[in-house]
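predicted model follows, preceded by the sequence.
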Amino acid sequence: MEYSKLISVSGLSGLFELVTSKSDGAIATSLENNNTQFISSRAHQFSHLESIEVFTTHENVFLAEVFLAMGETKEALPNEKDPKAITAYFKKVYPKMDFSRVYASDMKKMVKWFAQLQKHNVTPTIPSEDESEE
């Protein structure tokens, strides 16, 4: 499984591996329960994980950079149901994050997604400059 094939789908929980795209949607496999399903683009929006950026106090960074920082820390992942613990975790792990623009719900998703990446042994990769310009 490659980091570049992972997507987030609005309205659906967790991450998905993109199997193939179609003109009216996509076929994707859930990382949570391994179900493969058709997801309509009329009802949902898709975001590739490698294209998601996070607000910081300076320039935005790719989500993969935050994931890499989470992987390098010795801090245990916080309980995803405790917003204060999640915020405290990110203040230790990634203090450059702009906490006035990154909501607790966003940080909760990051914790949940990172746990799924670890479970499936997926290493986040930061897109190169050439890929981001395209």
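That came in fine, so what should we check first?

which parts of the protein are strands?
6-9, 15-22, 25-30, 36-40, 46-48, 53-54, 61-62 (DSSP state E).

what's the closest of the ones you listed to residue 71?
Across those, residue 71 has its closest neighbour in strand 61-62 (14.2 Å, C-beta to C-beta). Quick note: C-beta positions are derived from backbone N, CA and C, even for glycine.

count the residues that sit near residue 96.
The tally of other residues near residue 96 (other C-beta atoms under 10 Å) stands at 14.

quick one: residues contacting it.
Listed by C-beta atoms under 8 Å, 6 or more residues apart in numbering, the contact partners of residue 96 are 56-58, 61.

sorry, back to before: nearest to residue 99, of the strands of the chain?
It's strand 53-54; of those, that one is closest to residue 99 (C-beta to C-beta) at 11.0 Å.

any idea how far that closest one is from the middle of the chain?
Centre-to-centre, strand 53-54 and its host chain are 10 Å apart (C-alpha atoms, centre = their mean, to the nearest Å).

quick one, phi psi at the residue located most distally from the centre of the chain?
No residue in the chain sits farther from the centre than residue 23, which is 24.3 Å out by C-alpha atoms, centre = their mean. Dihedral angles of residue 23 (phi, psi; degrees, to the nearest 10) stand at phi -70, psi -30.

gap between it and residue 111?
Residue 23 sits 34 Å away from residue 111, going by C-beta to C-beta, to the nearest Å.
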